[in-house]
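> Provided below are the primary sequence and the corresponding predicted coordinates.
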Amino acid sequence: MTLVLALLVLTQDPVQELQKKLHDVVEKVKPGYVFFGNGSGVCISPDGWALTNFHVSGDRNGQRVRMTGGKQFLADIVGFDPLGDIALCKLRDAKDLPFCELGDSDALEVGQHVIAVGNPFLLGNGSWEPTITFGIVSALHRYMDNPGYFDAIQTDAQINPGNSGGPLITMDGKVVGINGRIDIKRFMNRVNTGIGYAIPSRQIQRYMEAFKRGGRVYEGFVDGIQIGECGDARYDRTGEYGDGVFVARVDADTPAGKAGFEPGDIIFEAEGYRIGNLNRFHGVVSNWPEGATIRVKVRRKAEEQELKVFLGDPAKILERKRALEATELGFAQGPGMKVGAVQPGSAGAKAGLRAGDVLQRVEGRRVGSWNEFRALLRPNAELGLTVLRDGKEVELSLRVPRPKSDE
């Protein structure tokens, strides 16, 4: 009997096994797909957090989206990175939604099977059933600077216009990337050429906290350092070629200077990732948002040293933070009287303000500038606001907090 069972196992058709596995994973992930405008998205939590490409969503709130099957929601754009082409959205009034779990893109291997879920050429509109394509991971850590896909996953799973923002899924049903860009250089047609790119899930996970704070998120960079390829005579006078990047200059009183970088250092590793060249250095660093601190290893003469460096320009970060908190109400002042990013949990958020609202009146009095608005604020007062939202006036009640210096 044991021998018979063993023979049955050996004679099972591997194609049928793969077919069954594909069917199971498609049934698992398809309900979490989101039809998002002319592109795609994916729900990543039961309470309605969703991901898409920034070039699909933009920063406009109140966009109408549909889940697989056609159920409609309004989506608000909470945080976004235009350069990295990612947006985090929140579906309004969402509860107990089907979703796809974020996986670990660092665990991917070239040749591994993956599935792309999307809406190419809007073929699923009406039936609200997405298109599924199947392929492999063709390469990892691809670098393209227009747009900023600095550490992309390359796949041959077919990606066409309409797939942008949809998930790249492993055979265990985890989202390991957000599909975005296709290579059209060879034929100059906006159709699949066998080369598509996805933004890795680990990068998105590192940005998630900043996305949820709201507004634009900037990619990390090392401020105050000039670097180049090892052996490049413009930077490296040693004439020696090899892995890593060469530190040519370090400016004092900058994050690079304070971290301890010195001219002549060879950067060969960052946060455990090997650095082979300049593109790879930028690709690794951009996996973290500005404001993060990362560990970097350098070769200095015959020794290895580990440094910790803050990413970004501290002065610019502080300037943006002050702009966001200028009124101590937790929302940024956009052009005209348009509300910019709103900090979750702030007085502005509690009042129901949303990014994109246009402030019309305070306590019935029309305001034409932010200076006029600030002049009407009184600590601990409750003010009636009238805002224009999606072409309609909305009434809100704002509790003005006490100045932080008084608390």
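Received the coordinates, thanks. Residues are numbered from 1 along each chain as shown.

> Point out where the stretch 151-300 of the chain drops to low pLDDT.
For the stretch 151-300 of the chain, the stretches flagged by pLDDT under 70 are 184-191, 231-242.

> Let me see the contact set for the nearest residue to residue 218 once chain neighbours are set aside.
Using C-beta to C-beta, 6 or more residues apart in numbering and skipping residues adjacent in sequence, the residue nearest residue 218 is residue 290, 4.5 Å away. C-beta: built from backbone N, CA, C; applies to glycine. Going by C-beta atoms under 8 Å, 6 or more residues apart in numbering, residue 290 touches 217, 218, 219, 220, 221, 311, 312, 313, 317.

> Among the residues you listed, which pair sits farthest apart?
Across the contacts of residue 290, the longest distance by C-beta to C-beta is 14.7 Å; it joins 217 and 313.

> Which one of the two is surrounded by more residues?
Neighbour count, other C-beta atoms under 10 Å: between residue 217 and residue 313, residue 217 has more, with 25 against 16.

> correct me, but the more buried one touches residue 83?
No - with contact defined as C-beta atoms under 8 Å, residue 217 does not count as touching residue 83 (9.4 Å).

> now residue 83: how far from residue 161?
Distance of residue 83 to residue 161, given as C-beta to C-beta, to the nearest Å: 21 Å.

> thinking again about what came up before, weed out the non-buried ones from the contacts of residue 290.
With burial judged by 16 or more other C-beta atoms under 10 Å, the buried subset of these is 217, 218, 219, 220, 311, 312, 313.

> could you dump those residues to a markdown table with distance to residue 169 and secondary structure?
Conversion of these to a markdown table gives the following (distance: C-beta to C-beta, whole Å; DSSP: H, G, I helix; E, B strand; the rest coil):
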| residue | distance to residue 169 | secondary structure |
| --- | --- | --- |
| 217 | 25 | coil |
| 218 | 29 | coil |
| 219 | 25 | strand |
| 220 | 27 | coil |
| 311 | 30 | coil |
| 312 | 32 | coil |
| 313 | 37 | coil |
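
> now the helices: where do they sit in the stretch 301-407 of the chain?
Ranges of helices within the stretch 301-407 of the chain are 314-324, 347-351, 370-375, based on DSSP state H, counting those that start in this stretch.

> Could you do the chain as well?
All helices of the chain, identified by DSSP state H, fall at 2-10, 14-29, 54-57, 201-213, 255-259, 278-285, 314-324, 347-351, 370-375.

> center of this protein - which residue?
residue 86 (3.6 Å; C-alpha atoms, centre = their mean).

> Name all residues that make contact with that one.
Going by C-beta under 8 Å, 6+ apart, residue 86 touches 51, 52, 53, 54, 80, 178, 199, 204, 207, 211.

> The first one contacts residue 91, doesn't it?
No - because the distance of 11.5 Å does not satisfy C-beta under 8 Å, residue 51 is recorded as not touching residue 91.

> who has more neighbours, these two?
Neighbour count, other C-beta under 10 Å: between residue 51 and residue 91, residue 51 has more, with 28 against 23.

> That one pairs with what?
residue 42, residue 88 (DSSP bridges).

> Now residue 31. Nearest residue, chain neighbours left out?
In space, residue 31 is closest to residue 98, 3.5 Å off (C-beta to C-beta, 6+ apart).

> Now for that neighbour: which residues touch it?
31, 32, 43, 46, 67, 68.

> State the pair within these that is farthest apart.
Spanning the widest gap among the contacts of residue 98 are 46 and 68, at 15.0 Å by C-beta to C-beta.

> The two: which is more packed in?
The neighbour count for residue 46 versus residue 68, taken as other C-beta under 10 Å, is higher for residue 68 (20 against 13).

> just checking, the more buried one touches residue 33?
Yes - Residue 68 lies in contact with residue 33 (C-beta under 8 Å); the separation is 4.9 Å.

> list the residues that contact both of the two?
With C-beta under 8 Å, 6+ apart as the test, residue 68 and residue 33 both reach residue 130.

> now the residue nearest to the centre of the chain: how far from residue 137?
19 Å.

> Could you do residue 17 as well?
For residue 17, the distance to residue 137 (C-beta to C-beta) stands at 20 Å.

> Looking only at neighbour counts, state which of these two leads.
The neighbour comparison of residue 17 against residue 137 (other C-beta under 10 Å) goes to residue 137, with 23 against 10.

> shouldn't the more buried one be in contact with residue 152?
No - using C-beta under 8 Å as the test, residue 137 is too far from residue 152 to be in contact (11.1 Å).
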